[in-house]
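S.K.: For reference, the sequence and a predicted model appear below.
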Amino acid sequence: MALVELSDVSFSYPGGTLAVEGVSLAVDAGESVAVIGQNGAGKTTTVKLMNGLLRPTSGTVRVDGVDTRTRTAAQVARRVGYVFQNPDDQIFNNSVRREIGYGLRRLRLEAAESERRLAEAAELTGLVDLLDENPHDLPLSVRKFVTIASVLAVDPDAVVLDEPTAGQDRAGLERIAAIGAHLAARGRAVVTITHDMEFVARHFTRVVVMAQRRVVRDGAAAEIFEDTAAMAAARLAQPAVVELAGRLGLRGVGLSVEALAEALRARA
Ligand SMILES: Nc1ncnc2c1ncn2[C@@H]1O[C@H](COP(=O)(O)OP(=O)(O)OP(=O)(O)O)[C@@H](O)[C@H]1O
């Protein structure tokens, strides 16, 4: 049984906008998935359905087999943590320490366990020296890590990261990749929405492509990125290495620069 499973899910916002239509998607424990698609494709709505912030208009969302409609949003959020696209929609405490500790306090853990989790979340997100800062004084890229840390501290079974790569420098991107790998290695499911195709090529093997409210592809990143027609239909750019391989008439090369260089050497 998948940890998070959407079955033929549709969702309309109260104003009537149909944002997601007939989406079926399953994510297992220990699996890391990238969700890509142009603006307005339905990505954020889909992941908010995963953590109970939104309930389907039709179809079902199950977390560990339990229909989210039978649980409160707070109950679902403990199993599926959602890191908001905009950190300012999430942050409301006046110190990094209090912000990371907010969800933890609600879990009513023993003090030592709370401290351990807070320290681990701060370490993973690079915030150890910033715990006494006011998050509102920190740059957007760091505020994003504050919101990631507060979800990591709760240690949900699944973590959804909504555009964590936006505005990050190379070190930030590497840190986000390391957090994803850490979570997956610990058996957590990780769902990452991103517009950064190079990041996806570097760090993901499974990709879900959304376009016009629907999942249009779900599978191996290398195959999907190579499918020029599917990428164009979803209005997505191919990662540079895939585009170059295609122009050189090479197929099945994979997603790494090293593999492309090797294929070129073999052809020479
Ligand atoms: N709160 C809301 N009320 C009404 N319509 C909304 C709301 N949020 C999103 N929408 C609409 O739902 C559709 C899907 O939006 P969604 O944010 O899920 O897409 P997205 O793929 O995450 O886009 P982006 O990459 O820009 O974040 C869009 O037409 C959007 O305008």
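M.R.: Sure, I can see it. Numbers count the residues shown, from 1 in each chain.
S.K.: Contacts only, for Arg79.
M.R.: Listed by CB atoms under 8 Å, 6 or more residues apart in numbering, the contact set of Arg79 reads 63-64, 156-158. (Glycine included, C-beta is placed from N, CA and C.)
S.K.: any idea how far Arg55 is from Arg69?
M.R.: 6 Å (CB to CB, to the nearest Å).
S.K.: actually Gly187, not the one I wrote
M.R.: Taking CB to CB as the measure, Gly187 falls 27 Å from Arg55.
S.K.: If you count surrounding residues, which of these two has more?
M.R.: Taking other CB atoms under 10 Å, Gly187 and Arg55 do not tie; Arg55 has more neighbours (16 against 12).
S.K.: The more buried one is in contact with Leu49, isn't it?
M.R.: Yes. The pair formed by Arg55 and Leu49 meets the contact definition of CB atoms under 8 Å, at 7.4 Å.
S.K.: Could you pull out the residues contacting both of these two?
M.R.: 61, 68.
S.K.: now the residue of the stretch 51-200 of the chain found nearest the ligand, what's its secondary structure?
M.R.: Residue of the stretch 51-200 of the chain nearest the ligand, by CB to the nearest ligand atom: Gln85 (6.0 Å). Under DSSP: H, G, I helix; E, B strand; the rest coil, Gln85 falls in the coil class.
S.K.: Not counting sequence-adjacent ones, nearest residue to it?
M.R.: Asp162 (4.1 Å; CB to CB, 6 or more residues apart in numbering).
S.K.: bridging residues for the one you found?
M.R.: Ile193 (DSSP bridges).
S.K.: Now that it has come up, it's in contact with Ile193, right?
M.R.: Yes. Applying CB under 8 Å as the test, Asp162 and Ile193 come out as touching, 4.9 Å apart.
S.K.: So for those two, which sits in the more crowded spot?
M.R.: When Asp162 and Ile193 are compared for neighbours, Ile193 comes out ahead with 25 against 22, by other CB under 10 Å.
S.K.: Please tell me how far that one sits from Arg186.
M.R.: From Ile193 to Arg186 the distance is 21 Å (CB to CB).
S.K.: joint contacts of Asp162 and Ile193?
M.R.: Contacts common to Asp162 and Ile193, judged by CB under 8 Å, 6+ apart, are 43-44, 47, 85.
S.K.: so what pLDDT did Asp218 get?
M.R.: For Asp218, the pLDDT comes out at 97.
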